[in-house]
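Undergrad: Sequence first, predicted model second:
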Amino acid sequence: MRIMLFFIRAYPIQTLVMLLAQLLAGVMEGLSLTALLPMLNLAVSGNNGKLSSGVGKTVTSALQFFGITPTVSTLLFVMVAGVLLKSGLVLFADRKVGYTVARVATDLRLSLLRALLGTRWEYYLTQPMGGLTNAISSEVMRASSAYLQGTLAITYMVTAAVYAVVALLVSWKVSLAALAAGSLLMFLLNRLVQRTKKAGRQETALMHSLLSRLADNLQSVKPLKAMGREQLAERMLEADTVKLNRALRKQVSSKATLKSLQEPILMMLIMAGLYLSLVVWKYDLPKVMMLVFLVVRLFGEQKKLQQKFQDMASSESAFWSLRKKIDEAVRQKEPNLGRRQVTLNGSIRFDRVGFSYEGGAGCVLKEASLEIPAGSCAAVIGPSGAGKTTLVDLVIGLLQPQQGAVLIDGVALADMDMKFWRGQIGYVPQDTVLLHDSILANVTLDDPALGENEAKEALCAAGAWEFVSAMPEGMATVVGERGSKLSGGQRQRIAIARALAHRPRLLILDEATSALDPESERAICATLMRLRGTVTMLAISHQPALVQVADQIYRIEEQTIRGQLPGSAQASVA
Ligand SMILES: Nc1ncnc2c1ncn2[C@@H]1O[C@H](COP(=O)(O)OP(=O)(O)OP(=O)(O)O)[C@@H](O)[C@H]1O
């Protein structure tokens, strides 16, 4: 029930309105039920029928108070009116619950997305993408269904309480016996609810692990297939899949066992109650009929209540797993650094920067210094793993140095408004991943400030317009999953166009021309040279063409940055 307390706190108005509507619906049902006993009395004994219980007398007196003569037809009318009103209220409550379930799912998805996108880069890098996809799709659905099951359980609880009150008014002895027997039954069958809860927890953990591995494996399926080793991926996923199947079977068997045990036990209890009422306490027939009706309904609601409780128990763990992810991501929020809005006019400067990754093997940069004047083109070279991407991430502010400072126009990144700074950067990553969307959307990223003209201009500058305009649908061509319908070089040119479209002040190219043929690379270099003076460029490259046109060359080696004369680059672009 902890989960319901959480939901009630998060959605108090919606839950209160829904509960009030359910309560009113229960009262309406109760009213129509109280009319049943006098109606049965009148039907069995005619107008001389004696009302043997307080509740019957109360109903007839109430009707007489409003000037209505209690006859079979007026009592039937009261019952029908009560049932109709109850149905209207239940419809209202059900819609409210449905809307709130959708809202719970949307809120959870948005909270997780916002929290994740706002986390520190080093934390974000440790998150398994498959696990996050699982959280946003399957865990969110299971979590919101837990709210639905919980509210339905509360609804059945309210209705059961109404039947219990009416039954108490008719016969307290039978009602107390029924309530005691029902509670004992719920207690005994609770083991099955706990078993489902445990299996639900296993399902949550296994789905997370399976989806994390699946995403990893699917991304590397081409080399696995090419080497005839896809069965290795299959074997890796099989163990989790088999365990998941076991957890699901446990849930199914617990739910089926609960259902099949409830029915006969409740029937036996009703039979025992019938025996007591007719033989031991010798109640008259209308009263017994009324009690049978009430107890059957009471047990029916109790049966559904426990089933819904069990359904909620099986999905509940997905909600707590999601909350844990959201809370952890919130704790790992990227620090809100400074407020200074700097437009790169002077230089980018590293002042004795020292950096090592959390849990990394050691220092990546030590006492590293460099200066890139605004408007110039700098190339960063060095052996693999030397720290070139790390240097770029420090410039972007994705990583913060532990020693020294990264300064833009003399202002430390730590004092700058990061959103403003990053808004001026055009970034082309090492691994070009395009969205499964049109070329236009891939270039503009659906930024409302950018239209077809800006996209065309950027595609021309990136040397991509020729092949894009030759496509039957031009910029409307959809590039396929991760850009699979384009060649590696074409994907890179689209990525360069994307980085240029919003006219950045700083263009960062991380091995951005590695998949291009020499001619396309020369064309890109010519474009970059045209931008010289207005845009500052920082290019990590092993390609001679880019290095040759650079104004400065920096070589990262043994944790330090060394300047190199542009002319000497050709021989040492390792
Ligand atoms: N998230 C991380 N956590 C721990 N260590 C990391 C992380 N990212 C990179 N490293 C380590 O930091 C060092 C520098 O990595 P970096 O990616 O900056 O090198 P690089 O020069 O760009 O390499 P390449 O040319 O191969 O892309 C490497 O030793 C790498 O193993």
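TA: In hand now; what should we look at?
Undergrad: quick one: pLDDT of A461?
TA: A461 is assigned a pLDDT of 85 by the prediction.
Undergrad: Residue numbering should commence at 48 henceforth.
TA: Taking 48 as the first residue, the last one we looked at is A508.
Undergrad: ok, which residues in the stretch 298-447 of the chain are in contact with the ligand?
TA: For the stretch 298-447 of the chain, the contact set with the ligand under CB under 6 Å from any ligand atom comprises Y404, G407, V411, G429, S431, G432, A433, G434, K435, T436, T437. From N, CA and C alone the C-beta is placed, and that goes for glycine too.
Undergrad: Look up how far L487 lies from A509.
TA: Taking CB to CB, to the nearest Å as the measure, A509 and L487 are separated by 14 Å.
Undergrad: quick one: which of these two has more around it?
TA: Set A509 next to L487 and count neighbours by other CB atoms under 10 Å: A509 wins out with 26 against 19.
Undergrad: ok, which stretches of the stretch 298-447 of the chain are strands?
TA: Chain-ordered strands for the stretch 298-447 of the chain, with DSSP state E, counting those that start in this stretch as the definition, fall at 394-403, 410-420, 424-428.
Undergrad: Go through those strands and pick out the most buried.
TA: Stretch with highest mean neighbour count among the strands of the stretch 298-447 of the chain: strand 424-428 (a mean of 25; mean count of other CB atoms under 10 Å).
Undergrad: From the rest of the structure, what touches that strand?
TA: Surrounding strand 424-428, the residues in contact under the criterion CB atoms under 8 Å, 6 or more residues apart in numbering are 417, 419, 435, 438-439, 575-576, 579, 583-589, 593-594, 596-603, 611, 616, 619-621.
Undergrad: next one: stretch 253-265
TA: Contacts of stretch 253-265 from elsewhere in the structure, counted by CB under 8 Å, 6+ apart, are 175-178, 180-182, 185-186, 271, 280, 283-284, 287-288, 290-291, 294, 368.
Undergrad: now with 7 Å?
TA: Counting contacts by CB atoms under 7 Å, 6 or more residues apart in numbering, the residues outside stretch 253-265 that touch it are 175-178, 180-181, 185, 280, 283-284, 287-288, 290-291, 294.
Undergrad: Quick check: buried residues in it?
TA: Of the residues in stretch 253-265, those with enough neighbours to count as buried (16 or more other CB atoms under 10 Å) are L253, M254, H255, S256, L257, L258, S259, R260, L261, A262, N264.
Undergrad: Same check on stretch 522-536?
TA: Per 16+ other CB under 10 Å, stretch 522-536 contains these buried residues: M522, T524, V526, G530, L533, G536.
Undergrad: what's the answer for stretch 451-460, then?
TA: Within stretch 451-460, the residues scored as buried using 16+ other CB under 10 Å are G451, A452, V453, L454, I455, V458, A459, L460.
Undergrad: So which of those are in strands?
TA: For the buried residues of stretch 451-460, the ones inside strands are G451, A452, V453, L454, I455, V458, A459, with DSSP state E as the criterion.
Undergrad: would you turn those into TSV with pLDDT and distance to the ligand?
TA: TSV is the format used below for those (pLDDT from 0 to 100; distance: CB to the nearest ligand atom, whole Å):
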residue	pLDDT	distance to the ligand
G451	94	17
A452	93	19
V453	95	15
L454	94	20
I455	94	20
V458	93	24
A459	92	21
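Undergrad: okay if I get these as TSV plus distance to K355?
TA: Supplementary listing: these in TSV, determined by distance: CB to CB, whole Å:
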residue	distance to K355
G451	60
A452	59
V453	56
L454	61
I455	58
V458	59
A459	57
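Undergrad: Once you drop chain neighbours, what's closest to the spatially most central residue of the chain?
TA: Geometric centre of the chain, nearest residue: I183, 2.8 Å, by CA atoms, centre = their mean. In space, and not counting its chain neighbours, I183 is closest to R156: 5.5 Å by CB to CB, 6 or more residues apart in numbering.
Undergrad: so that neighbour makes contact with V187?
TA: Yes - using CB atoms under 7 Å, R156 makes contact with V187 at a distance of 5.3 Å.
Undergrad: sorry, back to before: check the contacts of stretch 253-265 and tell me the two furthest apart.
TA: Every pair in the contacts of stretch 253-265 was compared (CB to CB); the two farthest apart turn out to be M176 and A294, at 23.2 Å.
Undergrad: Show me which residues of the protein sit near the ligand.
TA: Residues of the chain lying near the ligand (CB under 6 Å from any ligand atom): L172, Y404, G407, V411, G429, S431, G432, A433, G434, K435, T436, T437.
Undergrad: again, only using 8 Å
TA: Taking CB under 8 Å from any ligand atom as the measure of proximity, the chain contacts the ligand at 169, 172-173, 404-408, 411, 429-440, 477, 557-558, 587, 589, 603.
Undergrad: Quick check: which ranges of the stretch 448-597 of the chain have low pLDDT?
TA: Across the stretch 448-597 of the chain, the stretches falling below the confidence threshold (pLDDT under 70) are 562.
Undergrad: And the strands in it?
TA: Counting by DSSP E, counting those that start in this stretch, the strands of the stretch 448-597 of the chain are 450-455, 458-459, 472-475, 553-557, 583-587.
Undergrad: So for F397, which of those sits nearest?
TA: strand 450-455 (5.8 Å).
Undergrad: And that closest one, what does it pack against?
TA: With contacts defined as 3 or more CB pairs under 7 Å, 6 or more residues apart in numbering; DSSP states H and E, the packing partners of strand 450-455 are strand 394-403.
Undergrad: Specify the angle between the strand it packs on and strand 450-455 in degrees.
TA: When axes from the mean of the first three to the mean of the last three CA atoms, to 10 degrees is applied, the directions of strand 394-403 and strand 450-455 differ by 150 degrees.
Undergrad: Could you name the helices and strands sitting against strand 394-403?
TA: Strand 394-403 makes packing contacts with strand 410-420, helix 435-443, strand 450-455 when contacts are defined by 3+ CB pairs under 7 Å, 6+ apart.
Undergrad: Out of the ones you listed, which gets nearest to I571?
TA: Set against I571 and scored by CB to CB, these come closest in helix 435-443, at 18.0 Å.
Undergrad: and the angle from that closest one to strand 583-587?
TA: Using the same axes, to 10 degrees, the inter-axis angle of helix 435-443 relative to strand 583-587 is 160 degrees.
Undergrad: now what about helix 435-443, what contacts it?
TA: 168, 395, 400, 402, 411-412, 427, 429, 446, 448, 453, 469, 472, 477, 555, 557, 585, 587, 603.
Undergrad: how far does that helix sit from the chain's center?
TA: The gap between where helix 435-443 is centred and where its chain is centred comes out at 31 Å by CA atoms, centre = their mean, to the nearest Å.
Undergrad: could I get it in CSV with only the CA atoms?
TA: Extracted as CSV, the C-alpha positions of helix 435-443 are listed here (Å, rounded to 0.1, in the frame of the first residue of the first chain):
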residue,chain,number,x,y,z
LYS,A,435,42.0,14.2,-27.6
THR,A,436,38.2,13.6,-27.0
THR,A,437,38.7,14.4,-23.4
LEU,A,438,40.2,17.8,-24.3
VAL,A,439,37.2,18.6,-26.5
ASP,A,440,34.8,17.5,-23.7
LEU,A,441,36.6,19.9,-21.4
VAL,A,442,36.1,22.8,-23.9
ILE,A,443,32.4,22.0,-24.2
